[in-house]
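Visitor: need a structure here:
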Amino acid sequence: MEEGGADEDDNYGINVAYAAGAAAVALDFQDDQGTTKVALDGSYDLGNGLTIYAGYYTQDNESGVAYEDELYVAGSYDLGGGASVLVSYAEGADNADDEIGANDYQEGTTVEVAFTF
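Guide: Predicted structure coming up:
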């Protein structure tokens with residue numbers, strides 16, 4: 001295929017985000033040269049230091065190449081004094097970077113503790 005030829009597919013996409021109070025959701029749709037990508041991410045702040053997250057990502061290719069969907073659920077809790085804990089579960093495509101979702105979660109179950117000084 002030559003660059004700029006008639007056989008090339010166009011790229012287009014749309015991103016919609018909405019936040020109201022404690023809830024936020026984002027939807028991203030892209031068609032990148034025949035590969036359709038859809039991502040949905042959401043979060044909810046429970047107001048007591050606990051925030052929950054969830055998301056889903058799918059990708060399809062016109063050539064019939066199948067991609068594994070990605071999904072995650074997570075929760076973070078502010079322990080106070082600059083400390084926090086994050087618990088997440090993510091699964092998806094074999095990704096060399098092992099980054100799934102908007103916050104780049106690790107595949108499988110992960111518990112992270114962070115301290116800010």
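Visitor: ok, how many other residues are close to the nearest residue to residue 109 once chain neighbours are set aside?
Guide: In space, and not counting its chain neighbours, residue 109 is closest to residue 89: 5.0 Å by Cβ to Cβ, 6 or more residues apart in numbering. Backbone N, C-alpha and C define where each C-beta goes, glycine included. Here the number of neighbours of residue 89 (other Cβ atoms under 10 Å) works out to 16.
Visitor: any idea how far residue 89 is from residue 82?
Guide: 26 Å (Cβ to Cβ, to the nearest Å).
Visitor: Ok, residue 13 next?
Guide: Relative to residue 82, and taking Cβ to Cβ, residue 13 is found at 38 Å.
Visitor: cool, and residue 71?
Guide: Counting by Cβ to Cβ, the gap from residue 71 to residue 82 is 31 Å.
Visitor: ok, now residue 72?
Guide: Residue 72 is 25 Å from residue 82, by Cβ to Cβ.
Visitor: now residue 68
Guide: Residue 68 is 37 Å from residue 82, by Cβ to Cβ.
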